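A.B. asks: Pasted the sequence and its predicted model underneath.
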Number of protein chains: 2
Amino acid sequence: MPSCGPKANVGDTLPRTLRLILQYDGTDYVGWQRQASGTSIQGLLEEALRPIEGGAVTVHGAGRTDAGTHASGQVASCRLEAVIEAARLVRALNAVLPPEVRVARADVVADDFHARFSATGKIYDYRIVNDRFVSPFLRRYVWHVGPSLDLEAMRVAALSLLGEHDFAAFQGTRSKVPTSVRTVRKIEWSGTGRSDAPLVFTIEGDGFLRHMVRIIAGTLADIGAGRTSATAMPEILASRARVRAGATAPASGLTLREVLYSHKIAP
Amino acid sequence: MPSCGPKANVGDTLPRTLRLILQYDGTDYVGWQRQASGTSIQGLLEEALRPIEGGAVTVHGAGRTDAGTHASGQVASCRLEAVIEAARLVRALNAVLPPEVRVARADVVADDFHARFSATGKIYDYRIVNDRFVSPFLRRYVWHVGPSLDLEAMRVAALSLLGEHDFAAFQGTRSKVPTSVRTVRKIEWSGTGRSDAPLVFTIEGDGFLRHMVRIIAGTLADIGAGRTSATAMPEILASRARVRAGATAPASGLTLREVLYSHKIAP
């Protein structure tokens, strides 16, 4: 059983700042962020915290995961006047949240901590099944690609993404960020693509543009299927043109695995 | 990608006997067997086969999995007049079945093959999470046990079940089989019980009584939690009294992993 984590030597004055580690199956939700209609993860958490606080609470998430996207290590922060022990808060929230959304841990942290603005990087997993069928147990968490993929071509193409680049070609429309320059620090592959062992593309960067991982996944699948040349990735990147990259791969395959901070969060 | 399997040197005369390997997430179904109300896996398959055959088809399953129980290797057999290549049959069935039910493969087999009567054994997995919370990605496939379990006591107690015994103490009521003597050939454990790495109790036997694996799991959890003595298992078994064993553990934790025949089925 994991420990309840260090008791931070902070939080003696109110309100205290809390950091939550969250896991969710995003299949049936509109995404992290509150929307005009539909149920969001942020909304669920804020509603669960309201009776504990005795008033409205605003929860800030590290990443605005899309509708249908999952998280195994989303991080959120909020400020609470209510005095409640962290382990009890975890139990209280999990008792009212739906089973698709779990609080894995809660900690009182330094007052200047902000889940989004303090983050120094993020790690995403994108899962692809490249088999005749998808395991019923993984169907909500993968993208099913039928045609046989050349995994080696995909691996080689992905290497071009490493380092600092303008990723405008891999940015969803309707995005309003000041710059599309990001640094991809690491890319790892695991799994075979079999129905019960999906191919997992793991990407770490200092930040990601809207739909960036999904557009990268769609482009890599085009390369794997031979629809796009295995050597085209540097040109697509340099073009900074969204039309040159592949389609946005389904949200179901994407999972926010971890959010990075200057100090690593104990598991 | 797995091969489509050997073309059996049989089936030249009609009807041919087909063997199907099935995987399903049983959460939302009434179990394998057709019921007066509710959707069964058998019923779904028979409905999917009907337009291919142009008439009613009866599908025989190797094991009658309970409502809410899963399968990663259920085996079924049926006889078809329709002439359809096995790989095409797999595609045709998966195209109409819900994503919770998948046909992993189909093969034409010898006419005397019967999924249930030809089976020489079965292997079941029972999954337990023994942590503060359950991963959202595994929530449908496990039993969540809160109190800390003594895994070593459970392992030792399970050893008493090995071999040929009268398992009447581990038989659900309303059972109508001629004998409750069964042979447990092998028991294996894996996983830690953590939210993302469930404890898996894997049991192989020549056959299982109604609810037998779930009652064993419930009894082992009682032993792990200290509610039942770690040395009580031989007495419970010898008593042949259902009341001496533990509660029937939830169906969600149970998965039919494999059905054994005199000739191993290629994966």
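C.D. replies: In hand now; what should we look at?
A.B. asks: gap between A:D111 and chain B?
C.D. replies: Per C-beta to the nearest C-beta, to the nearest Å, A:D111 is found 27 Å from chain B. C-beta here means a position set from N, CA and C on the backbone, and glycine is covered the same way.
A.B. asks: How about that residue: what's its closest non-neighbour residue?
C.D. replies: Once flanking residues are discounted, A:D111 sits nearest to A:T17: 5.0 Å by C-beta to C-beta, 6 or more residues apart in numbering or on different chains.
A.B. asks: What are the phi and psi values at that neighbour?
C.D. replies: phi -100, psi 130 (degrees, to the nearest 10).
A.B. asks: What residues are bridge-paired with it?
C.D. replies: With DSSP bridges as the criterion, A:T17 is bridged to A:R79, A:V109.
A.B. asks: Who are the contact partners of it?
C.D. replies: A:V10, A:G11, A:S77, A:C78, A:R79, A:V108, A:V109, A:A110, A:D111, A:D112, A:F113 (C-beta atoms under 8 Å, 6 or more residues apart in numbering or on different chains).
A.B. asks: Ok, A:G55 next?
C.D. replies: For A:G55, the contact set (C-beta under 8 Å, 6+ apart) comprises A:E81.
A.B. asks: secondary structure element for it?
C.D. replies: Per DSSP states H and E: A:G55 is located in neither a helix nor a strand.
A.B. asks: quick one: the helices in chain A?
C.D. replies: With DSSP state H as the criterion, chain A has helices at A:41-53, A:86-96, A:151-159, A:212-224, A:233-239.
A.B. asks: residues in contact with the first one?
C.D. replies: Counting by C-beta under 8 Å, 6+ apart, helix A:41-53 makes contact with A:20, A:22, A:24, A:26, A:29, A:31-34, A:56-59, A:61, A:65, A:71, A:74, A:76, A:78, A:80-82, A:84, A:89, A:92-93, A:96-98, A:101, all of which sit outside it.
A.B. asks: can you check the shortest one too?
C.D. replies: Counting contacts by C-beta under 8 Å, 6+ apart, the residues outside helix A:233-239 that touch it are A:157-158, A:160-161, A:165-167, A:169-170, A:219, A:223, A:228, A:244-245.
A.B. asks: now it, how far from the chain's geometric center?
C.D. replies: 25 Å (C-alpha atoms, centre = their mean, to the nearest Å).
A.B. asks: so what's the closest residue to chain B within the stretch 101-250 of chain A closest to, chain neighbours aside?
C.D. replies: With C-beta to the nearest C-beta as the measure, A:P136 is the residue of the stretch 101-250 of chain A nearest to chain B, at 4.1 Å. Nearest non-adjacent residue to A:P136, counting by C-beta to C-beta, 6+ apart: B:D25, 4.1 Å away.
A.B. asks: and the one you found, what is it in contact with?
C.D. replies: By C-beta under 8 Å, 6+ apart, the neighbours of B:D25 are A:P136, A:F137, A:R139, B:H70, B:E100, B:V101, B:R140, B:Y141.
A.B. asks: was I right about A:G31 contacting A:T69?
C.D. replies: Yes: the pair A:G31 / A:T69 is scored as a contact, 6.8 Å apart, by C-beta atoms under 8 Å.
A.B. asks: neighbour-wise, which of the two wins?
C.D. replies: For the pair A:G31 and A:T69, the greater number of neighbours falls to A:T69 (26 against 20), based on other C-beta atoms under 10 Å in any protein chain shown.
A.B. asks: For B:K122, see how far away the closest residue to A:V83 other than its chain neighbours is.
C.D. replies: Closest residue to A:V83 apart from its sequence neighbours, by C-beta to C-beta, 6+ apart: A:L14 at 7.4 Å. Note on A:L14: its distance to B:K122, by C-beta to C-beta, to the nearest Å, is 59 Å.
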